[in-house]
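Enquirer: what follows is a predicted structure for the sequence shown.
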Amino acid sequence: MVENLRNFFDLNYQIVLFTYGQVFFVLGLGVALQSRQHSRLELARHLPWLAGFGIAHGLHEWGLLLIPIQATYMGPVAISILIIFRLLLLGLSFGFLFQFGVVLWETRWPQLRWLPAGATAVWLLAVVLLGLSGRMHVGEWQESAGVLARYGLALPGSIFAAFGLRYQAERQIRPLQLDEIYSTLRLAGLAFLAYGLFGGVIGPVAPFFPANVLNQNALVTYAGVPAPVFRSLIGLVLAVTVIRALEVFNVEVTRLIEQIQMEQQVAAERERLGRELHDGAIQRAYTAGLLLESAQRNVEPGSVAAQRMEQAVTALHEVIADLRTYMTGMSLEPVMVSLEEGLRQVTSDERLAPLLEATLDWQLPQEPEFDPVQRAHVLAIVGEALANAARHGQARHVSVAAARENGNFVLTIADDGRGFEESENGGTGFGLRNMRDRARLLGGSLSVESAREAGTRIVFRVPWDW
């Protein structure tokens, strides 16, 4: 059985190497494409190191296939340079892995941050010294340098990465109650431990312990399966688990949008209550006070009825003052920056940056003379439109254009999202109603044009001299 396995993998060894390189290259590319630099999760900031490990390690393994082909038409010097470059790729990939594992512990052990760079420098020095010693031919030097990279960089890097992922899962993922992603990260940690064994310990034969005893030749002898097969399987598990775990960013994005929309809805509700207090309760209390003051003139001064009326008038004035205080507290916070600056701040909000790209086209030689509260309403309309584009429209780009047309200030917000039909509930949702209410408060109008898979275009118009 072992002999049959050995013969099978000997015949297909090139396919094994190609698959090995492809698995790790896909791991690196997938992680790079899923990275979220604007994420609030600490894990997101460290993913480029893992992506670098996967891409560099995949290229290193493909080099073992490509260099023999290059040797058929390139000279010995050029081939030697390619061999050295492939060796450097191996050390670089393991250095990236080591750095990824260490930075996962940055909040706990920040003093270890430069350990991988120091270990990589020591490895390079050892490789140079081995080459200058002259006691090894090129093949032995290459294999010994590779073994040192595995012992000094890959093994500790895999261990740090394994327990670092567990640490991050306990610290950041478990509190979010994402059990599936939590379990996936723990499985990825186990895969890193397995890679530490098959990629960090079991390597080429070298003239020193333990590489002269525990190596990939011994593995083939006893198991019939070469080490690259085990590494490929481990790499496949890493690719699936890590990329699957990165769905936490989508969960984070969804919750972030919900938070933004909730903040906007709360602000809109506070404004509505403030308007109702002003137009309803305060006016009625004020009217009641006037009636009481009128009735006082028909009551004998100094009588009990006059005293009671005076107390009632005083109480009503206190109620009106309290209602005005509450109304002020619930009112929209004025915007003290210019309208252009406020629009630039809204369109460059870092909370929305991972979701979509928002651009501002300011076509005005001068700003309309809006007061701070009016500017706040305009910015709230844009913020609501951006949140809707990201959450409901799933847009990738939103353009905001400010212009003056026929004596009106015109703000156009267009996205490339999936849009909606007028008959759908989305056309009369709370967000759009809130935006239209703000437009009416400003004495303007707001129109919405949308269709399935054709994006959404919102046009807000208000007189320039409002």
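Expert: Arrived safely. Numbers count the residues shown, from 1 in each chain.
Enquirer: hmm, which helix or strand of the chain has the shakiest average pLDDT?
Expert: helix 248-276 (a mean of 61; mean pLDDT, DSSP states H and E).
Enquirer: using CSV, write out every CA atom in stretch 350-367.
Expert: C-alpha atoms of stretch 350-367 as CSV (Å, rounded to 0.1, in the frame of the first residue of the first chain):
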residue,chain,number,x,y,z
GLU,A,350,-15.0,56.6,7.4
ARG,A,351,-17.9,54.4,8.6
LEU,A,352,-19.2,54.2,5.1
ALA,A,353,-15.8,54.0,3.3
PRO,A,354,-15.6,50.2,3.4
LEU,A,355,-19.1,50.0,1.8
LEU,A,356,-19.1,52.4,-1.1
GLU,A,357,-17.2,55.2,-2.7
ALA,A,358,-18.8,58.6,-2.4
THR,A,359,-17.7,61.6,-4.5
LEU,A,360,-18.7,65.3,-4.3
ASP,A,361,-19.0,67.5,-7.3
TRP,A,362,-19.2,71.1,-6.0
GLN,A,363,-20.3,73.3,-8.9
LEU,A,364,-21.0,76.5,-7.0
PRO,A,365,-18.9,79.6,-7.2
GLN,A,366,-20.4,80.6,-3.8
GLU,A,367,-22.5,78.9,-1.2
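Enquirer: report the mean per-residue pLDDT for that stretch.
Expert: Rounded to a whole number, the mean pLDDT of stretch 350-367 is 82.
Enquirer: pull the distance from it to the chain's centre.
Expert: Taking C-alpha atoms, centre = their mean, to the nearest Å, one finds stretch 350-367 lying 19 Å from the centre of the chain it belongs to.
Enquirer: and for the nearest residue to residue 411 once chain neighbours are set aside, the neighbour number?
Expert: Distance criterion C-beta to C-beta, 6 or more residues apart in numbering; nearest residue to residue 411, sequence neighbours excluded, is residue 460 at 4.3 Å. Bear in mind the C-beta positions are built from the backbone N, C-alpha and C, glycine included. By other C-beta atoms under 10 Å, 25 other residues sit near residue 460.
Enquirer: hmm, residue 405 and residue 460 touching each other?
Expert: No - counting by C-beta atoms under 8 Å, residue 460 sits too far from residue 405 to count as a contact (11.8 Å).
Enquirer: which stretch of helix or strand covers residue 385?
Expert: helix 372-391 (DSSP states H and E).
Enquirer: buried set for that helix?
Expert: Within helix 372-391, the residues that count as buried by 16 or more other C-beta atoms under 10 Å are 374-391.
Enquirer: returning to what we had before: so the residue nearest to residue 411 sits in a strand?
Expert: Yes - counting by DSSP: H, G, I helix; E, B strand; the rest coil, residue 460 is found in a strand.
Enquirer: who's it bridged to?
Expert: Applying DSSP bridges to residue 460 yields these beta-bridge partners: residue 411, residue 446.
Enquirer: setting the sequence-adjacent residues aside, check what's closest to residue 211.
Expert: Residue 211 sits nearest to residue 147 (C-beta to C-beta, 6+ apart), 4.7 Å away.
Enquirer: phi and psi next, for that neighbour.
Expert: With angles defined as degrees, to the nearest 10, residue 147 sits at phi -60, psi -40.
Enquirer: for the residue sitting furthest away from the middle of the chain, what are its contacts?
Expert: Centroid-distance maximum for the chain: residue 300 at 74.5 Å, with C-alpha atoms, centre = their mean. Residues in contact with residue 300 (C-beta atoms under 8 Å, 6 or more residues apart in numbering) are residue 306.
Enquirer: which SS state does it fall under?
Expert: With three-state DSSP as the basis, residue 300 sits in coil.
Enquirer: burial check on the closest residue to residue 145 other than its chain neighbours, number of neighbours?
Expert: Among residues not flanking residue 145 along the chain, residue 127 sits closest, at 4.4 Å (C-beta to C-beta, 6+ apart). Counted with other C-beta under 10 Å, the neighbours of residue 127 add up to 21.
Enquirer: quick one: residues contacting residue 127.
Expert: Each residue near residue 127 by C-beta under 8 Å, 6+ apart is listed here: 87, 91, 145, 148.
Enquirer: make JSON lines from the residues you listed and add secondary structure and distance to residue 168 to it.
Expert: Compiled in JSON lines, these are given as follows (DSSP: H, G, I helix; E, B strand; the rest coil; distance: C-beta to C-beta, whole Å):
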{"residue": "87", "secondary structure": "helix", "distance to residue 168": "32"}
{"residue": "91", "secondary structure": "helix", "distance to residue 168": "26"}
{"residue": "145", "secondary structure": "helix", "distance to residue 168": "32"}
{"residue": "148", "secondary structure": "helix", "distance to residue 168": "29"}
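Enquirer: out of these, who's nearest residue 308?
Expert: residue 91 (92.7 Å; C-beta to C-beta).
Enquirer: that closest one and residue 363, how far apart?
Expert: Using C-beta to C-beta, to the nearest Å, we find residue 91 at a distance of 54 Å from residue 363.
Enquirer: these two: which is more packed in?
Expert: The neighbour count for residue 91 versus residue 363, taken as other C-beta under 10 Å, is higher for residue 91 (24 against 10).
Enquirer: from the contact counts, what lies against the one helix or strand residue 26 maps to?
Expert: Residue 26 belongs to helix 13-34 when elements are defined using DSSP H and E. When contacts are defined as 3 or more C-beta pairs under 8 Å, 6 or more residues apart in numbering; DSSP states H and E, helix 13-34 packs onto helix 42-70, helix 227-245.
Enquirer: I'd like the ones you listed written out as CSV, with mean pLDDT, distance to residue 183 and mean neighbour count added.
Expert: Below are those laid out as CSV (pLDDT from 0 to 100; distance: least, C-beta to C-beta, whole Å; neighbours: other C-beta atoms under 10 Å):
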stretch, mean pLDDT, distance to residue 183, mean neighbour count
helix 42-70, 89, 15, 20
helix 227-245, 90, 9, 21
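Enquirer: fine, thanks again, bye for now.
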